[in-house]
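[1] Could you look at this predicted model? Sequence included:
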Amino acid sequence: MAPASVNVARLIYLLVCESAGVAIALSTKGTPVEVSMTSGLIAGLVVGGFFIWVESLMKGFSLRGFSTATFGLLVGMFCAWLITRVDISALVSLALRYRLLAQDGVDDVAAESLISTATFAIQTILYASLGFLGAVLALRSSRDDFAFILPYVRFRQDSSTGQPVVLDAEAVMDGRVPGVVRAGFLHGRLVVPRFVLDEIQVLANSPTPAKRQRAERGLACLEQMRASRDMQVNIEDASAVSGDETIHGRLLQMAQLLGARLLSTDENLCKVAKLRGLEVLNLDDLLDALRPSVAVGEKVRLALVRGGKDDHQGVGYLPDGTMIVVNHASPKIGTTQDVVVISTLQTSGGQILFAELAGA
């Protein structure tokens, strides 16, 4: 559906065409080529309807290089000015002058007056039509597409800023986003919707200590990112997003409107976003991808730091925090030993590896 601004432009354009038709009818009143008021209104309606029909056909060909309707209007009027330089209206004036002079009772003064009025009406319709088409194209386009004028600027901007990234409340409160951005794994403008900020504020006032601490950490992290010079963080009001959906629904709708990626740690939200065709960034998936893979039978150099659940067990940790339980290693606690992985166990808290002392 067309936005309200496009409908307003259509209405104004129709009024201009109707006014031009009325002006032609009034200017020909009492002359041999008199045009009735009804004919003038119908002619203006037909011209306006034709160009609106042309505009509706151009929905799939909108130039995203126009960032504002003003720019589009100026381009359209510039094109109309170029056409008037060819002086097409002179052809109409010659034809009209020949017809008027062929009529009896029409003097040169009246003929010139009628010709000048018709010329003015034609130029008005031309400027209004092309200006209208340019403004509509601008309203349907994004400001990033000024590249059709300055392509080098566009390419440089794409390489430095990248695609926008929409953050949900979980990603903001996670606290790992600034480090990922500084490490160079994430590029683009970070967008935090206003309703996500409101959600974090509600959690910050929660009576539950754990929720309150996570929300406070999220607000502090967001303030740190906005103060950083190497990060571009915007708080969007999201006025174009309908308010009758859930928070997750509004978040997905905003990501679609902005053509942005979604950054979250919510598994269910990430699944729904992928089903909607959105590009999803999950910090947990990044962590799993960076976690070193230890296969069964592999030898690992491990520092044993404490005892295990059983008396004979010793426990050590890999650099990423993965726990390794070593059988018959309790006498070696406090030392570093070579161990061989014999099995793995996947739990809700992560992966646990079981090993034996090398050479045992």
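    Looks like it arrived, so ask away.

[2] show me what contacts F354?
    324-327, 341-345 (C-beta atoms under 8 Å, 6 or more residues apart in numbering). No exception for glycine: its C-beta is placed from N, CA and C like everyone else's.

[3] Closest to A138 out of the residues you listed?
    Ranked by distance to A138 (C-beta to C-beta), the contacts of F354 are led by T344 at 58.3 Å.

[4] What number of residues are in the vicinity of that closest one?
    Neighbour count for T344, taken as other C-beta atoms under 10 Å: 14.

[5] Secondary structure element for it, which one?
    Secondary structure assignment for T344, by DSSP states H and E: strand 336-347.

[6] What segments of the stretch 251-360 of the chain are helices?
    Counting by DSSP state H, counting those that start in this stretch, one finds helices in the stretch 251-360 of the chain at the ranges 267-275, 283-290.

[7] Buried deepest among those helices, which one?
    helix 267-275 (a mean of 15; mean count of other C-beta atoms under 10 Å).

[8] helices or strands up against the strand holding T344?
    Counting contacts by 3 or more C-beta pairs under 8 Å, 6 or more residues apart in numbering; DSSP states H and E, strand 336-347 packs against strand 299-307, strand 323-327, strand 350-357.

[9] And for S206, the neighbour number?
    13.

[10] Give the full set of residues in contact with it.
    212, 215.

[11] Give me the pLDDT for it.
    On the pLDDT scale, S206 is placed at 86.

[12] partners of the nearest residue to D168 once chain neighbours are set aside in the sheet?
    Counting by C-beta to C-beta, 6 or more residues apart in numbering, D168 lies nearest to S264, which is 4.6 Å off, once chain neighbours are set aside. Beta bridges link S264 to N282 when assigned by DSSP bridges.

[13] hmm, back to that, where among the helices of the stretch 251-360 of the chain is average confidence lowest?
    Among the helices of the stretch 251-360 of the chain, helix 283-290 carries the lowest mean pLDDT, a mean of 77.

[14] So what touches that one?
    Against helix 283-290 from outside (C-beta under 8 Å, 6+ apart): 171, 174, 176-177, 180, 185, 263, 265, 267, 320.

[15] Name only those of those residues that count as buried.
    171, 174, 177, 263, 265 (16 or more other C-beta atoms under 10 Å).

[16] so what's the residue nearest to D168 up against?
    S264 touches 167-168, 170-171, 270, 273, 280-282, counting by C-beta under 8 Å, 6+ apart.

[17] a markdown table for the residues you listed, including distance to A4?
    Output for those, formatted as a markdown table (distance: C-beta to C-beta, whole Å):
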| residue | distance to A4 |
| --- | --- |
| L167 | 29 |
| D168 | 29 |
| E170 | 34 |
| A171 | 33 |
| C270 | 34 |
| A273 | 28 |
| V280 | 32 |
| L281 | 33 |
| N282 | 37 |
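
[18] Of those, just say which sits nearest to R189.
    Out of the contacts of S264, the member with the shortest distance to R189 (by C-beta to C-beta) is L167, at 10.9 Å.

[19] and the closest one, backbone torsions?
    As for L167, its main-chain torsions (degrees, to the nearest 10) stand at phi -100, psi 140.

[20] For it, the count of nearby residues, please.
    When neighbours are counted by other C-beta under 10 Å, L167 comes out with 25.

[21] re earlier: sort out for me which of the contacts of helix 283-290 are in strands.
    Among the contacts of helix 283-290, the residues falling in strands (DSSP state E) are L263.
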